[in-house]
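> Just to be clear, the model below is a prediction. Sequence and coordinates:
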Amino acid sequence: MIQTALDIKTIRKDFPILNREVNGKPLVYLDNAATSQTPQQVIDVIVDYYQNYNANIHRGVHSLSQEATDAYEAARIKIQKHYNIAKTHEVILTSGTTHGINLVANGFSSFVKEGDEILVSAMEHHSNIVPWQMLCERTGGILKVIPMNLNGELIMEEFHALLSEKTKMVFCNHVSNALGTINPIEEIIEASHKVGAAVLVDGAQAAPHIKADMQALDVDFYTVSAHKICGPTGVGMLYGKEEWLNKLPPYQGGGEMIAEVTFEKTTYADLPHKFEAGTPNICGGIAFGAALDYMNSIGFEAIAQYEERLLKYATEQLLEIDGLKIYGTAKNKTSVISFNIEGIHPYDIGSILDKLGIAVRTGHHCAQPIMDFYQIPGTVRASFSFYNTKEEVDVLVEGVKRARNMLL
Amino acid sequence: MTIEKIQEEIVDEFSMFDDWMQRYEYMIELGKSLPLIGEQYKTDDNIIKGCQSKVWVHAELDNDRLVFTADSDAIITKGIIAILIRTFSNQRPQDIIDANTDFIDEIGLKEHLSPTRANGLVSMIKQLKLYAIAYQTQLN
């Protein structure tokens, strides 16, 4: 047992999926960085929506539509409070982190001229690299990379040296999906603002571990996916400072985002609707709010403490295995362990673990530049959540040992 | 031995195991014993597209028979390609083209692989058959 203020046994009862078997073995779900599992409290909200008040929002005159609209807007306020956002209309509901990034990158095309620079960190997910490459192709902007060291930490001196008046946008994830590194975004935001650059932070991986305070961070944009934080897939949030959101052109045209339409001219709706074209993921938005309620009822401080202990234990146990190497050993990291065993392909380890009922991610984790940096084809990634146990870590360690014996 | 006979043999071998861990162990053994491709053929041109791990295949004609050699950086993938090579290597190109591959379903290989590996398996079969078509054209 790991000392914790959390009652893990009771918490696990909230997650029906954790009771199932995979390949005849009890499921050990350690792919939480890819997607988190959904507690009954959130599933109930989803079922309740479809059973009792499924309707389109913001336009209906009837009661169901009003109920759905109220619930959806109440979720927006929950998100606002959770992230300590100054104004409700600074919360844009999106389909997820990737949507949020594309929305900002697309809008930013209007502000970037030839020769302007965009900085991205070396540990980005593909979804954070490609939209900026596309922007640079359109505008003649230049993409520059903030390098990292072998521990998987950004080299901050290099970052400061890269910053200049030419820098228009700095893009960085709060937590690296492949390595778990928690990046010093406070320092990045402060320094970027000094040269007049805007900062977009991808908070997808931070969401289940860190309760980020938008006003304290003073970040310009921050984006999150609900499914990383016990909510459903296909919904997320983009936070943007009001002044930025007013400046950015709309991303998609459609219903809901307009004020008035004639064939000659359309005027756009006010925030946040200007960026919310079409019927949104109504049920998803409401469930996102419920997921935040659930996470807050457990408490982020207790979650972080417990996960840190789980990470420490798992790291110690895994390092006992001959030839095992961990990638991403930053001082400041979340409960993610990316590893390889010398002489064994990560896919092989992942396949054996799957047969033992253990779910991990294998591959390049949509972060090929990181794999190129370490000159490896990929890693096995075990990512732990607050509902995982020390016993599950033991099952993982035994599984990896067994895989090693079979494969070498 | 005909392709069909070899396939029957493989189906028999796989039916002897009780569970998939044992089958994996067997595939790993097969992978380890796969006759390796000459280093000079491990080029980007010989990499099969659609596999998550790297798979190289080389084919050459020995009289009227097509001989395959292969390698992969992942051992289970090597086991999969070993099964395919055992089936198709040293066979006439036309027989390879005509061969059906239902035995893959019979041994349950596809459903027990991850979706990415199952896609890779399909790509491997396609690539072996493409080699056969190319060499058959040459023979004609």
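Perfect, thanks for sending it. Numbers count the residues shown, from 1 in each chain, chains lettered A, B, ... in the order given.

> going forward, measure contacts between C-alpha atoms and count neighbours the same way
OK.

> Give me the distance between the two termini of stretch A:356-367.
This stretch, stretch A:356-367, spans 27 Å end to end (CA to CA, to the nearest Å).

> and that stretch, what's its mean pLDDT?
Confidence over stretch A:356-367 (mean pLDDT, whole number) is 88.

> Is the residue nearest to the spatial centre of chain B in a helix, a strand, or coil?
Centrality entry for chain B: nearest residue to the mean C-alpha point is residue B:84, 2.3 Å, by CA atoms, centre = their mean. Under DSSP: H, G, I helix; E, B strand; the rest coil, residue B:84 falls in the helix class.

> Check the gap between it and residue A:200 for me.
Separation of residue B:84 from residue A:200 (CA to CA) stands at 49 Å.

> Around the nearest residue to residue A:109 once chain neighbours are set aside, how many other residues sit close by?
Sequence neighbours aside, residue A:135 is the residue nearest to residue A:109 in space, at 6.0 Å (criterion: CA to CA, 6 or more residues apart in numbering or on different chains). Residues lying near residue A:135 (other CA atoms under 10 Å in any protein chain shown) number 22.

> how much space is there between residue A:135 and residue A:97?
To residue A:97, residue A:135 is 17 Å away according to CA to CA.

> so who does the residue in chain B that chain A sits nearest to touch?
Taking CA to the nearest CA, chain A has its nearest neighbour within chain B at residue B:74, 5.0 Å off. Residues near residue B:74 by CA atoms under 8 Å, 6 or more residues apart in numbering or on different chains: A:344, A:345, A:346, A:347, A:348, B:53, B:54.

> Now do the strand or helix carrying residue B:11: distance to the chain's middle.
Residue B:11 belongs to helix B:3-15 when assigned by DSSP states H and E. A distance of 14 Å separates the centroid of the chain from that of helix B:3-15, by CA atoms, centre = their mean, to the nearest Å.

> One more: stretch A:40-57?
24 Å.

> got it, and stretch A:11-20?
On the basis of CA atoms, centre = their mean, stretch A:11-20 sits 22 Å off its chain's mean C-alpha point.

> got it, and stretch A:123-138?
16 Å.

> now do stretch B:2-18
14 Å.

> The residue of the stretch 151-300 of chain A found nearest chain B: what's it in contact with?
Closest approach between the stretch 151-300 of chain A and chain B, counting by CA to the nearest CA: residue A:178, at 17.3 Å. The contact partners of residue A:178, by CA under 8 Å, 6+ apart, come to A:123, A:336, A:338, A:364, A:365, A:367, A:381.

> Go again with 7 Å.
Going by CA atoms under 7 Å, 6 or more residues apart in numbering or on different chains, residue A:178 touches A:338, A:365, A:367.

> now, which of those residues sits nearest residue A:165?
Nearest to residue A:165 out of the contacts of residue A:178 is residue A:367 (CA to CA; 28.7 Å).

> Chain neighbours aside, what residue packs nearest to that closest one?
Closest to residue A:367 by CA to CA, 6+ apart is residue A:125, at 4.8 Å.

> was I right about the one you found contacting residue A:366?
Yes. Shown here, residue A:125 and residue A:366 form a contact pair, counting by CA atoms under 7 Å, at 5.5 Å.

> Quickly list what residue A:238 is bridged to.
residue A:92, residue A:223 (DSSP bridges).

> rewinding a little: now render the contacts of residue A:178 as JSON lines, adding neighbour count and secondary structure.
Output for the contacts of residue A:178, formatted as JSON lines (neighbours: other CA atoms under 10 Å in any protein chain shown; DSSP: H, G, I helix; E, B strand; the rest coil):
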{"residue": "A:338", "neighbour count": "23", "secondary structure": "strand"}
{"residue": "A:365", "neighbour count": "21", "secondary structure": "coil"}
{"residue": "A:367", "neighbour count": "22", "secondary structure": "coil"}
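
> between residue A:125 and residue A:366, who's got more neighbours?
Higher neighbour count among residue A:125 and residue A:366: residue A:125, with 23 against 16, using other CA under 10 Å.

> Just the pLDDT for the more buried one.
Looking at residue A:125, its pLDDT stands at 83.

> tell me which strands and helices the lengthiest helix in chain B is in contact with?
Longest helix in chain B by number of residues, with DSSP state H as the criterion: helix B:115-139. Secondary-structure packing of helix B:115-139 (3 or more CA pairs under 7 Å, 6 or more residues apart in numbering or on different chains; DSSP states H and E): helix B:93-98.

> which residues of chain B score low on pLDDT?
Under the criterion of pLDDT under 70, the regions of chain B flagged as low confidence span B:49-52.

> got the residues of it near chain A?
Within reach of chain A by CA under 7 Å from any CA of the partner chain, chain B has these residues: B:21, B:25, B:28, B:73, B:74, B:75, B:76.

> hang on, the earlier thing: residues touching the helix holding residue B:11, excluding its own?
Outside helix B:3-15, the residues that reach it (CA under 7 Å, 6+ apart) are B:23, B:87, B:88, B:103, B:106, B:107.

> Going by neighbour count, which residues in it are buried?
Across helix B:3-15, burial judged by 16 or more other CA atoms under 10 Å in any protein chain shown covers B:3, B:4, B:6, B:7, B:10, B:11, B:14.

> measure stretch A:100-114 end to end?
Stretch A:100-114: ends 24 Å apart by CA to CA.

> residues near the closest residue to chain B within the stretch 1-150 of chain A, how many?
Here the residue of the stretch 1-150 of chain A nearest chain B is residue A:23; by CA to the nearest CA that distance is 8.7 Å. By the measure other CA under 10 Å, the count of residues near residue A:23 is 15.

> thought it was touching residue A:357?
Yes. Residue A:23 lies in contact with residue A:357 (CA under 7 Å); the separation is 5.9 Å.

> What parts of chain A come near chain B?
Residues of chain A found near chain B, taking CA under 7 Å from any CA as the criterion, are A:345, A:347, A:348, A:355, A:406, A:407.

> Now tabulate the residues you listed in JSON lines and tack on neighbour count and secondary structure.
Compiled in JSON lines, the residues of chain A next to chain B are given as follows (neighbours: other CA under 10 Å; three-state DSSP):
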{"residue": "A:345", "neighbour count": "25", "secondary structure": "coil"}
{"residue": "A:347", "neighbour count": "26", "secondary structure": "helix"}
{"residue": "A:348", "neighbour count": "24", "secondary structure": "helix"}
{"residue": "A:355", "neighbour count": "20", "secondary structure": "helix"}
{"residue": "A:406", "neighbour count": "16", "secondary structure": "helix"}
{"residue": "A:407", "neighbour count": "21", "secondary structure": "helix"}
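
> For chain A, give me the ranges with low pLDDT.
For chain A, applying pLDDT under 70 flags the ranges A:1.

> That one: helices as residue ranges?
Using DSSP H, the helices found in chain A span residues A:8-13, A:40-48, A:63-82, A:97-108, A:126-139, A:156-162, A:185-194, A:214-217, A:242-247, A:282-298, A:300-319, A:346-355, A:368-374, A:390-407.

> Could you export the ones you listed as JSON lines, including distance to residue B:80?
What follows is the helices of chain A, written out as JSON lines (distance: least, CA to CA, whole Å):
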{"stretch": "helix A:8-13", "distance to residue B:80": "38"}
{"stretch": "helix A:40-48", "distance to residue B:80": "40"}
{"stretch": "helix A:63-82", "distance to residue B:80": "48"}
{"stretch": "helix A:97-108", "distance to residue B:80": "35"}
{"stretch": "helix A:126-139", "distance to residue B:80": "30"}
{"stretch": "helix A:156-162", "distance to residue B:80": "46"}
{"stretch": "helix A:185-194", "distance to residue B:80": "45"}
{"stretch": "helix A:214-217", "distance to residue B:80": "51"}
{"stretch": "helix A:242-247", "distance to residue B:80": "53"}
{"stretch": "helix A:282-298", "distance to residue B:80": "41"}
{"stretch": "helix A:300-319", "distance to residue B:80": "29"}
{"stretch": "helix A:346-355", "distance to residue B:80": "12"}
{"stretch": "helix A:368-374", "distance to residue B:80": "25"}
{"stretch": "helix A:390-407", "distance to residue B:80": "14"}
